[in-house]
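# Okay, predicted coordinates and the sequence, questions at the end:
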Amino acid sequence: MTSPLSNKWVLITGASSGFGAAAARAFARAGARLLLGARREERLEAVSEEARLAGSPAALFHALDVARTDSVEAFASWVRTKTDRVDVLINNAGGAHGLDPVANGKDEDWEAMLQSNVLGVLRVTRAILPLMTGHPGSYILNIGSVAGHTAYEGGAAYCAAKAGELQITRALRLELCGTGVRVGTVDPGLAETEFSLVRFKGDSARAKKVYEGAVPLRADDVAEALVWAASRPPHVCIDEMIVKCTDQAEVYKIHRRTGNKV
Ligand code: NDP
Ligand code: 8X3
């Protein structure tokens, strides 16, 4: 049976690692053509090669920093040289920087989180929307987080950013109602990617502890959820999906076999 994603153009931001790279491979297995962006081009090159081997008829990549309007515009211009339509836009680029309480918060961490998780989604969506609006059934899928639903200590800016992403999704859903363009958010919980390594600025021991004793989500679990959502027929819009590992009932309620507390 032909995949509903066969030859569709799927644009993924933050495709150089974690969910974005896993999504590139998963959409490739479904036969999609890929437009991949992130800052680390050598990583993108490796992911695009994996995607080609997994079955993508075109796995293309270009440097993208969603925190800069000029970079987003250059990326969008490059996209327009490859295709006049984007069927699926996955706004995934983002992450957390630091886990300091507000009293000790660093401007550069707050700014990086709001730039990538909030303004990045707005910028990329604004730039790519013209390639989607004439095509009913196209789909904007944003990556939110359980952090957008529940606040936690040390998470003020990140939780605010992901709550912002959720409200951007909801506003876009309203704005695009009647165009046939679908808008949704996939909001994962604890997932082992480079997320904690980035949050703790390369401290791998601290990053590892976040997952200790639990069985977290894998990047592939989230990628499969994205492929499933994007494979629904055009009249079906998955608006909001929360995906957590079985060991995580709430942000703070994580079953750990070692009893370790992060
Ligand atoms: P990773 O750190 O593995 O991946 C983050 C990706 O985002 C990388 O490809 C990185 O690429 C990219 N990125 C970050 N900043 C920018 C930027 N300014 N411009 C372009 N690309 C950028 O983590 P995850 O895969 O876990 O994170 C993906 C998304 O999922 C993020 O939005 C994160 O907040 C969210 N999330 C993660 C969860 C988790 O527990 N892992 C749970 C819920 C949500 P590069 O550095 O090459 O630019
Ligand atoms: C990542 C999940 O709980 O570490 O968005 O903020 S959490």
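In hand now; what should we look at? Ligands and ions are numbered 1, 2, ... in the order given.

# and the spatially most central residue of the chain, what does it touch?
The centroid of the chain falls nearest to N92 when counting by Cα atoms, centre = their mean (1.9 Å). Going by Cβ atoms under 8 Å, 6 or more residues apart in numbering, N92 touches 12-15, 19-20, 23, 143. (Glycine included, C-beta is placed from N, CA and C.)

# if I look at P233, how far off is A22?
Note on P233: its distance to A22, by Cβ to Cβ, to the nearest Å, is 24 Å.

# next one: D100
Separation of D100 from A22 (Cβ to Cβ): 29 Å.

# Neighbour count: these two, which is higher?
Taking neighbours as other Cβ atoms under 10 Å, D100 and A22 compare with A22 leading, 25 against 16.

# wait, isn't the more buried one in contact with A223?
Yes. Taking contacts as Cβ atoms under 8 Å, A22 lies within contact range of A223: 3.8 Å.

# Sketch out the low-pLDDT regions of the protein for me.
1, 259-262 (pLDDT under 70).

# got the residues of it near ligand 2?
Within the chain, the positions lying close to ligand 2 (Cβ under 6 Å from any ligand atom) are 145-147, 155, 158, 189, 195, 251.

# Of those residues, which is the nearest to R170?
Using Cβ to Cβ, S145 is the member of the residues of the chain next to ligand 2 that sits closest to R170, with 15.1 Å.

# Cross-check the contact I'm expecting between that closest one and D187.
Yes. Counting by Cβ under 8 Å, D187 is a contact partner of S145 at 5.5 Å.

# shared neighbours of those two, which are they?
Taking Cβ under 8 Å, 6+ apart as the contact rule, S145 and D187 both touch K162.

# can you give me the strands in the stretch 1-150 of the chain?
All strands of the stretch 1-150 of the chain, identified by DSSP state E, counting those that start in this stretch, fall at 9-13, 33-38, 59-63, 88-91, 139-143.

# how about a markdown table for those strands, with distance to A127 added?
Converted to a markdown table, these look like this (distance: least, Cβ to Cβ, whole Å):
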| stretch | distance to A127 |
| --- | --- |
| strand 9-13 | 10 |
| strand 33-38 | 11 |
| strand 59-63 | 13 |
| strand 88-91 | 10 |
| strand 139-143 | 12 |
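
# Can you name the residues that contact the one residue in the stretch 1-150 of the chain that gets nearest to ligand 1?
Of all residues in the stretch 1-150 of the chain, the one sitting closest to ligand 1 is G18 (2.0 Å; Cβ to the nearest ligand atom). Contact analysis of G18 by Cβ under 8 Å, 6+ apart lists 191, 193-195, 219.

# how about those, which pair is most distant?
A191 and E194 (10.6 Å).

# More neighbours: the two, which one.
Taking neighbours as other Cβ under 10 Å, A191 and E194 compare with A191 leading, 23 against 15.

# Phi first, then psi, for the nearest residue to that one once chain neighbours are set aside.
The spatial neighbour of A191 that comes closest, neighbours along the chain excluded (Cβ to Cβ, 6 or more residues apart in numbering), is L217 at 3.8 Å. Main-chain torsions, L217, degrees, to the nearest 10: phi -60, psi 150.
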